[in-house]
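**Student:** What follows is a predicted structure for the sequence shown.
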Amino acid sequence: MQAILLGLVPLIGGGLAFALRSPFLRRGLLLTTAITHLVLTISCWTKTPEPLLGGWLALDDIGLLFLTVVSFTFFCTAIYAVGYLARETTGPKPDVVEGFLFRNEPESVFIGCMLVFLAAATAVTFSQHFGLLWVSLEMSTLATAPLIYFHRHHRSLEALWKYLLLCSVGIALALCGNFLLAVAAFDPNTPHVGLTVAELSAAAPSLRTSWLQAAFLFFVVGYGTKMGLAPLHNWLPDTYSESPSIVPMLSTAMLNCVFLGILRVHSLCILKGCGDFSAEVLQLFGIVSIVVAAVFILRQRDFKRMLAYSSVEHVGIITLGVGLGSVGVFGGILHAINHALVKAPLFMVAGNILRGYGTKEISQVQGLFRKLPVSGTLWVVGFLAITGSPPFGTFISELTVLKGALDNRQYLMGAVYVVFLGLIFIGMSGGVLRMLHGQSSDHAARRRSPAEPWWSVVPAIVMLGGALWLGISIPETLADRLRAASLAIDVRLAKPQALPMAVHQVPVVLFPDDEAFWDHHATE
Amino acid sequence: MALTFDLLLIICMLLNLILLGSSRLTAVIRIASLHGMMISVLPLLLPDHPFDFRLLAIGIITLGVKGFVFPSLLTRSLRAANVRREIEPVLGYAVSVGAGVVAIAASFYFATRLETPIHETSKLVLPVSLSTIFAGLFLIIARRQALMQVVGYLLMENGIFVFGIALAHDEPFLVEMGILLDVVVAVFVMGIALFHISHEFDHIDVAQLSQLRD
């Protein structure tokens, strides 16, 4: 029942949003759907939904984690979107950057597509069948397209075209991966093996290695394009910088779901015994993404693009973590959650800055603390969180990924990882700190500026608070799910591992000199 | 049956070459439509496979979508865009056809090297599908007109379809319909984007879509 409702509520809501005439009702519908979805998702934590369609739709631990991220991010985004849409005027208006006149896309299309996107993302987290997973991912890609083109002008159109073409090609390659997987599972002498995770896992030892590896490569390249893994990330900075902040916020939650597609094939490879191959591919894509992101962040002059490249970096960290195996898998998944909690608020704040200053150039923004005090503070806090400073959750997860590298004795990989994270910290701090002080060109803006109404900062504060909470202490229920999820992905992880669960445990885990600590973790 | 099946595959491969060498957009749309029609018949002609309702439905729906819906959609956006031909491709037509021929040779080589576990539907399936996917990707990269890129995407889809229908014909019906639906929506969205590009820029030349960069 929960599963059906989780999918149908946003889908019906989306259909209604296209039909409703009154903007007031439509925005109410968006909020109601978001709240209903969040409540249903939370109910899944206590009672696991029944599998549907003969096991094609079922919620496992990793699905539940990512569903929660999507639902919570969507809820916060919906609050932001209602305020955002109420402020947008319907007539022609000047572009904030270049000054020409343009119109908005109809609001009904925007809200309708947001809700269809939510339905598709929910379907992705539930999909246990590779074909169904593909169909839902493609649906979510297409539902995002109208969101990117909300402001109808030439820059967003260019971003839309790049997004559509690159992601469509990527997803078509992933479809090829699906067929290759079907070939890998085909054996004329045994009964037909369907493309569900359960059936394939059971038949994993008899899968054909070379076809499985080919399928894995196609999946990584295909879904990696949609995730923004370098060097397939070209659409991402353009799309993130030219669309309303709502798109990158939703997209950040979505990239976890896309990663689910890669994770499921990766775990098949591990079961088959070619896990080393898939792990190496993931490590390679991960570290290349981090390096490429660092290069572009260091010379970035546009703050929205800077955040976009930071997304490429974090996708890299997540992929690298899972590729490293052992505790890295745990770190990678935890990082996926942390990243969504931190990146969405940063884009919210970036929207406020763009609104307040009318520019995306870092050098044109000065005196952020004076002009937009709340946004300015959130900008700094968000910067510290996204670069993985303690005591935020990102620190724990990035450190766990590093521990994964060191446990594997991949010291060179660990060194490259740390050096480039450091470079990214330097690059981002240069941009962010320059924006905070100095003379704001607008001296009259002492009073609370209309550029930062409550709906644009409260969701950001809540999400960053969540990231802080995950840094100070990970709740035991969440930790259990994370452990179960990492175990389901990487069966080699069967031994209980010592993991930092809070900032104050980090030194103990990294430098354990206390035998009792190990015994405690081993018996847990 | 097997002969017709192979004949259709060969025609598809030749159509790829024609597409790689054409500059007139109306002709390109027509050839792409013909290509779609050819591959939509394939599921009905599968050798050693009993005729069933599922394959018939897939064939008919594919025929309708790829043979008629897509071409009319593309023709409409072409009329709105008011362009007739690709002016300056990134890579010339002779080079494109040459690359297509090389790709066909390479596909045959790969296909003989690969060990297909599935009983051979036809020896041509794998090379044709690989070379079609390549031709589609090539069109996306080597052409400046947005419409050509959409045709490239369609061609790539056709290549994957050939692969799927011949090697993985145990896919559940629901999934196949989902895939087809997604492709339809994708082309529909691309068509709308094309329409907007032609209005915004007075052309559909993606070389002009180059303001966003680092």
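**Tutor:** Alright, I've got the coordinates. Numbering: from 1, shown residues only, chains lettered A, B, ... in the order given.

**Student:** could you point out the longest helix in chain B?
**Tutor:** Under DSSP state H, the helix in chain B containing the largest number of residues is helix B:173-201.

**Student:** so what does it touch, helix or strand wise?
**Tutor:** Packing partners of helix B:173-201 (3 or more Cβ pairs under 8 Å, 6 or more residues apart in numbering or on different chains; DSSP states H and E): helix A:130-148, helix A:154-185, helix B:53-62, helix B:70-81, helix B:146-167. (Glycine included, C-beta is placed from N, CA and C.)

**Student:** and the angle for the shortest one with helix B:146-167?
**Tutor:** Translated: helix B:53-62. With axes from the mean of the first three to the mean of the last three Cα atoms, to 10 degrees as the basis, helix B:53-62 and helix B:146-167 are set at 170 degrees to each other.

**Student:** Give me the helices and strands touching helix B:53-62, please.
**Tutor:** Helices and strands touching helix B:53-62, by 3+ Cβ pairs under 8 Å, 6+ apart, are helix B:25-41, helix B:173-201.

**Student:** what does it rub up against?
**Tutor:** With contact meaning Cβ atoms under 8 Å, 6 or more residues apart in numbering or on different chains, helix B:53-62 is reached by B:36, B:39-44, B:46, B:49, B:161, B:165, B:169, B:173, B:176-177, B:180.

**Student:** Quick check: of the residues you listed, which lies closest to chain A?
**Tutor:** Nearest to chain A among these is B:Glu176, at 8.1 Å by Cβ to the nearest Cβ.

**Student:** Was I right to think B:Val125 contacts B:Phe163?
**Tutor:** Yes. Applying Cβ atoms under 8 Å, one finds B:Val125 in contact with B:Phe163, separated by 7.3 Å.

**Student:** Next up, the contacts around B:Leu155.
**Tutor:** Per Cβ under 8 Å, 6+ apart, neighbours of B:Leu155: B:16, B:19, B:32, B:35, B:132-133, B:135-136, B:139.

**Student:** what are the pairing partners of the strand of greatest length in chain A, and which direction each?
**Tutor:** For chain A, the strand with the greatest residue count under DSSP state E is strand A:101-104. Note on strand A:101-104: by DSSP bridges, its sheet partners are strand A:93-94 (antiparallel), strand A:151-152 (antiparallel).

**Student:** Name the residue most distant from the centre of chain A?
**Tutor:** Distance from the centre of chain A peaks at A:Asn189, with 41.9 Å (Cα atoms, centre = their mean).

**Student:** for that residue, helix, strand, or coil?
**Tutor:** coil (DSSP: H, G, I helix; E, B strand; the rest coil).

**Student:** Would you list the phi and psi of it?
**Tutor:** When read as degrees, to the nearest 10, the backbone of A:Asn189 gives phi -90, psi -10.

**Student:** Distance-wise, check it relative to A:Ser206.
**Tutor:** Note on A:Asn189: its distance to A:Ser206, by Cβ to Cβ, to the nearest Å, is 10 Å.

**Student:** swap in A:Pro453?
**Tutor:** 60 Å.

**Student:** For the two, indicate the residue with more neighbours.
**Tutor:** A:Pro453 (16 against 13; other Cβ atoms under 10 Å in any protein chain shown).

**Student:** Pretty sure the more buried one sits against A:Gly83.
**Tutor:** Yes. Look at A:Pro453 against A:Gly83 with Cβ under 8 Å: they come within range, at 6.0 Å.

**Student:** number of nearby residues for B:Asn158?
**Tutor:** Considering only other Cβ under 10 Å, B:Asn158 is surrounded by 28 other residues.

**Student:** and it, what does it touch?
**Tutor:** B:12, B:35-36, B:39, B:66, B:132, B:136.

**Student:** which of those has the most neighbours?
**Tutor:** B:Thr132 (31 neighbours).

**Student:** dump the residue contacts of that one.
**Tutor:** B:12-13, B:16, B:155-156, B:158-159, B:162.

**Student:** again with A:Val292
**Tutor:** A:230-231, A:233, A:312.

**Student:** Just the buried residues of the helix or strand it falls within, please?
**Tutor:** Here A:Val292, judged by DSSP states H and E, is contained in helix A:275-298. Residues of helix A:275-298 classed as buried by neighbour count (16 or more other Cβ atoms under 10 Å in any protein chain shown): A:275, A:277-279, A:281-283, A:285-298.

**Student:** Next SSE downstream of it?
**Tutor:** Next along from helix A:275-298, by DSSP H and E: helix A:303-324.

**Student:** Is any residue of that next one near chain B?
**Tutor:** Yes. Using Cβ under 8 Å from any Cβ of the partner chain, helix A:303-324 reaches chain B at A:Arg305.
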